[in-house]
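# The sequence isn't on hand, but the structure is:
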């Protein structure tokens, strides 16, 4: 996924925030730093892409050898094959087996990358000019390597957590999320989940950390198919009932409709933090909307900006359209897909009912055709998590603004929240907007992230495993 899906919006926030943070000298863990980079490079070299040549099972097997060599018991690291992929679960045993475990969640599959389109082979990792290049450098093999290197550093230190720490990597997060759902069901007894594929930091173009975000919610993904059917007939004898015209009118009405704006504790906090000390239309609207989500002027200002319209409520938009069966015949059928990103806590069935109402077309039928997604509520703003992530970030970038956020896209957190397990995106990787090539060509991430990220993870993991 997708951890960078909110970066465009947050980059605008970054332009309003003071650049105050300067990286502290990281604690000394040279073995972990070296291991993280080596591991990330080896992970990138596996072509863990859906399809007949999928190497996700081989990557999972390799990671098991690394974990066992680093001190995990062989029986505590399991690999489960699923279709052409596999998922991995590793247990770092704590002193209290009755305590609910802390889960560290990620994925080891990546989006397809065609070598002919890249400047370098996407599955041949390269470190160049301070960047790690390769598919997965950002999403999210470097993050996975950092988490593994941190846990192995804790093993070398002889650390014993109070509760079990479970590291899990799904194998098809970028596609069907079948393994994601299976893992969440298996680990539904977790205390909380740290999703290392979410959140992250924003660098200014001169490389200074501007702000850090953690994700406590994501919108529910949904697809609805709208269909109008007619008997059809000869185009030389047109009639008023025309499936294409009827569907077009319904789409116009849906396009003009705005779902009731909403705010929750997470988004209210985001708006208030992002607007601190600033003035102007956007920060003024943020404060006004946080105070009163019915404020029409604030709604209009935020809704007019693509970076913020998704943060103030449910959005639905037409994404596909087809109709007719012959050039010289009246259409017998016209269909459209409406893609919705639904505000946490809102039921997809209620959104579908509202679309039917707004369409106001008696001949129209609508059905939910969503695949690979389930509704989920926002995670609570747990004081223990907020305090732990704040302490950890201040150890590496003291004074950096820390903002809660809601993701517009989907991640494995969705499946945990569906089982009522709090899940938080908390990756410590910082990146410039101009370097954000996640899912795109020539993906790259600064290697300068490695040492601060391990310091951060050492603090966060041990804090939350108490």
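Perfect, thanks for sending it. Note that the structure is predicted; figures quoted are calculated from it, not measured.
# okay, residue 435: pLDDT?
At residue 435, the pLDDT value in this model is 77.
# what residues are up against it?
Counting by Cβ atoms under 8 Å, 6 or more residues apart in numbering, residue 435 makes contact with 131, 203, 444, 445, 446. C-beta coordinates here come from the backbone N, C-alpha and C atoms, glycine included.
# How far does stretch 114-131 stretch from one end to the other?
20 Å (Cα to Cα, to the nearest Å).
# What residues of it count as buried?
118, 122, 123, 125, 126, 131 (16 or more other Cβ atoms under 10 Å).
# Ignoring the adjacent residues along the chain, who's closest to the fifth one?
Of all residues beyond its chain neighbours, the one nearest residue 126 is residue 133 (4.6 Å), with distances taken as Cβ to Cβ, 6 or more residues apart in numbering.
# how about TSV for the buried residues of stretch 114-131, with pLDDT and secondary structure added?
Below are the buried residues of stretch 114-131 laid out as TSV (pLDDT from 0 to 100; DSSP: H, G, I helix; E, B strand; the rest coil):
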residue	pLDDT	secondary structure
118	90	coil
122	95	coil
123	97	coil
125	97	coil
126	96	strand
131	96	strand
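# want to try JSON lines for these, with distance to residue 63 as columns?
As requested, the buried residues of stretch 114-131 are exported to JSON lines (distance: Cβ to Cβ, whole Å):
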{"residue": "118", "distance to residue 63": "25"}
{"residue": "122", "distance to residue 63": "20"}
{"residue": "123", "distance to residue 63": "16"}
{"residue": "125", "distance to residue 63": "16"}
{"residue": "126", "distance to residue 63": "21"}
{"residue": "131", "distance to residue 63": "23"}
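# which one of the contacts of residue 435 has the most neighbours?
residue 445 (28 neighbours; other Cβ atoms under 10 Å).
# so what's that one up against?
With Cβ under 8 Å, 6+ apart, residue 445 has these contacts: 131, 132, 137, 138, 142, 429, 431, 435.
# Now tabulate the contacts of residue 435 in JSON lines and tack on distance to residue 318 and secondary structure.
As requested, the contacts of residue 435 are arranged in JSON lines below (distance: Cβ to Cβ, whole Å; DSSP: H, G, I helix; E, B strand; the rest coil):
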{"residue": "131", "distance to residue 318": "38", "secondary structure": "strand"}
{"residue": "203", "distance to residue 318": "36", "secondary structure": "strand"}
{"residue": "444", "distance to residue 318": "35", "secondary structure": "strand"}
{"residue": "445", "distance to residue 318": "35", "secondary structure": "strand"}
{"residue": "446", "distance to residue 318": "39", "secondary structure": "strand"}
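# Looking at these, which is nearest residue 39?
Closest to residue 39 out of these is residue 445 (14.0 Å), distances taken as Cβ to Cβ.
# Right, I'll leave it there.
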